[in-house]
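Undergrad: Whatever this is, show me its structure:
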Amino acid sequence: MINIIEKKIDANGEPYYFNSETTQKYGEIVGGLAWPQTKEGFLVIATVDFFEDPGSEVRQIRVLAEAEESDMDTFLKRALKLQRHFSPFMETIRFYGDTTSMAMMEHLDRFNRDRRCRGFTPFYLTEAPQLRGLQALEFYAQLIRKYTQPGRKILHFCDTALPGYLMGFCPEEISKNILQHPPIAALSYALAVLSTWKSAKREAEVKSKYEHILTNNPV
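TA: As a prediction, this is how the structure comes out:
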């Protein structure tokens, strides 16, 4: 078993993720998780490109894999399997999701206790950005609108069923109950992380630009 995703450092000292199968370079790679409750749970693995696209001057986002499952233990094992598939030794892929559900988090705790007792790796979940905010639904809805608007191809799918889910999603549903649809919720959690990623080099350029504007001094 080999690492499909390898963490590397570029010539400028910036870390990035290298896809050994496609040779693409990613700035970040994350997982999105939506629990199986009234519907099947959903998992996605998504990335943001390390470099901006020359034509659009934005970084493309790519969904590399997905999975859905109704049984909780099987669902969590699928998440671990996706982590190992892309990075079996480095374990670099962090999953983001809803940590506010006590029932789900208690089940995760029992799942991890059992794995630790048997000497297996536990599964960790990080809270998705803005999840507890008052405008959480609108925040995630705006992300979906932003990355799926016609004529602006930013979000790419690698042999997944997500485009079908998105096409069947009515516009009025987006702001009302987006997180009640596990495929859309899992994608939203991943997008929330990837949409805010910037390389250290880019952040330095932006900071330098605004310092120049404020001080009126040459950079």
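Undergrad: contacts, neighbours, all on C-alpha from now
TA: Fine.
Undergrad: need the contact list for residue 17.
TA: Contacts for residue 17 (Cα atoms under 8 Å, 6 or more residues apart in numbering) come out as 5, 6, 7, 8, 25, 26, 27, 28, 29.
Undergrad: Please read the previous query as pertaining to residue 165.
TA: 183, 184.
Undergrad: residue boundaries of the helices in this structure?
TA: Assigned by DSSP state H, the helices in the chain fall at 72-86, 102-117, 136-148, 162-167, 171-177, 182-194, 200-215.
Undergrad: For the chain, which residues score under the pLDDT cut-off?
TA: Within the chain, the ranges that satisfy pLDDT under 70 run 1, 89-91, 170-175, 199-219.
Undergrad: Check the gap between the residue most central in space within it and residue 13 for me.
TA: Using Cα atoms, centre = their mean, the residue of the chain that lies closest to the mean C-alpha position is residue 190, 2.4 Å off. Per Cα to Cα, to the nearest Å, residue 190 is found 26 Å from residue 13.
Undergrad: gap between residue 135 and residue 176?
TA: 11 Å.
Undergrad: quick revisit: determine which two of the contacts of residue 17 are furthest apart.
TA: For these, the farthest-apart pair by Cα to Cα is 8 and 29; their separation is 13.1 Å.
Undergrad: out of these two, which sits in the more crowded spot?
TA: Neighbours were tallied for residue 8 and for residue 29 using other Cα atoms under 10 Å; the higher tally belongs to residue 29 (24 against 12).
Undergrad: Who are the contact partners of the more buried one?
TA: Residues near residue 29 by Cα under 8 Å, 6+ apart: 17, 45, 46, 47, 48, 93, 94, 194.
Undergrad: what do you get for residue 197?
TA: Contact partners of residue 197, counting by Cα under 8 Å, 6+ apart, are 27, 28, 48.
Undergrad: quick one: which of those has the most company?
TA: The residue in the contacts of residue 197 with the most neighbours, by other Cα under 10 Å, is residue 48 (28 neighbours).
Undergrad: how deep is the nearest residue to that residue once chain neighbours are set aside tucked in, by neighbour count?
TA: When the adjacent residues along the chain are set aside, residue 48 lies closest to residue 61, with 4.4 Å between them (Cα to Cα, 6 or more residues apart in numbering). Here the number of neighbours of residue 61 (other Cα under 10 Å) works out to 24.
Undergrad: All set, thanks.
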